[in-house]
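Asks: the following comprises the amino acid sequence and a computationally predicted model.
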Amino acid sequence: KDRSSLFRSGAASKRGKPARQRGMARAGPPGTGICFKLRGLPMHATPPSPSSSPTVQLSRWVAVASTLGLILLGLLWELWLAPTGSGTLAIKVLPLCIPLAGMLKNRMYTYRWVSLMVWLYFTEGVVRAWSDKAPGNWLALLEVLLCIVLFVACTAHIRLRLKHAKRAAAPDEPTAHPAP
């Protein structure tokens with residue numbers, strides 16, 4: 001075989017080593033090259049189907065609901081409830097609209113970066129809670145609360161999905177463990 005056919009079949013990396021020598025094992029049907037396992041976790045070309053665990057689904061929907069709550073709060077706050085300036089601060093909710101598609105498609109990477117991005121909104125809420133007058137300070141405290149809920153939901157979703165993925169990827173082990 002020539003080297004280019006190895007690349008197309010997924011049997012070798014750019015360095016010419018077979019997948020098994022790189023710590024990767026084929027998890028899909030032979031010849032597909034679509035699914036590999038790296039360190040025991042499957043890596044799919046498309047996102048895996050949502051876990052059937054109710055706690056994973058709950059964390060997902062709490063994250064989506066708190067993101068939508070932050071968007072709605074930001075728009076109402078800046079345009080109607082306690083506007084500052086000419087309402088141009090309402091554009092601060094645009095970055096929150098970006099992860100909605102990834103959250104609804106259940107993409108793990110989206111939950112990871114949203115859990116980092118939410119701290120910008122948390123900081124804004126804390127600053128405005130101390131500096132604004134009523135009702136702006138109450139809205140800022142509501143923003144802080146929604147940010148905390150979003151962060152907890154994202155981290156819970158990530159941890160639960162990783163835990164379920166490890167459990168699904170691990171071979172069946174006997175339930176009884178010998179005493180030391």
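Replies: Looks like it came in fine.
Asks: what about L70, how many residues nearby?
Replies: The tally of other residues near L70 (other C-beta atoms under 10 Å) stands at 22. Backbone N, C-alpha and C define where each C-beta goes, glycine included.
Asks: surely it meets K92?
Replies: No - taking C-beta atoms under 8 Å as the definition, L70 is not a contact partner of K92, at 9.8 Å.
Asks: please enumerate the shared neighbours of these two.
Replies: The contact sets of L70 and K92 overlap at Y121 (C-beta atoms under 8 Å, 6 or more residues apart in numbering).
Asks: quick check: buried residues in stretch 143-154?
Replies: E143, V144, L146, C147, V149, L150, F151, A153, C154 (16 or more other C-beta atoms under 10 Å).
Asks: G136: which of these is nearest?
Replies: E143 (10.2 Å; C-beta to C-beta).
Asks: if I look at that closest one, what pLDDT would I see?
Replies: Listed pLDDT for E143 reads 98.
Asks: reformat the buried residues of stretch 143-154 into TSV and put distance to L100 next to each item.
Replies: Listed next are the buried residues of stretch 143-154 as TSV, based on distance: C-beta to C-beta, whole Å:
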residue	distance to L100
E143	18
V144	21
L146	15
C147	16
V149	16
L150	12
F151	16
A153	14
C154	13
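Asks: low-confidence ranges, the protein, go.
Replies: 1-52, 172-180 (pLDDT under 70).
Asks: name the helices or strands packed onto the biggest helix by length in it?
Replies: Using DSSP state H to define each element, the chain has its longest helix at helix 136-169. Under the contact criterion of 3 or more C-beta pairs under 8 Å, 6 or more residues apart in numbering; DSSP states H and E, helix 136-169 touches strand 41-43, helix 54-76, helix 108-131.
Asks: okay, the angle between that helix and helix 54-76?
Replies: Calculated by axes from the mean of the first three to the mean of the last three C-alpha atoms, to 10 degrees, helix 136-169 forms an angle of 150 degrees with helix 54-76.
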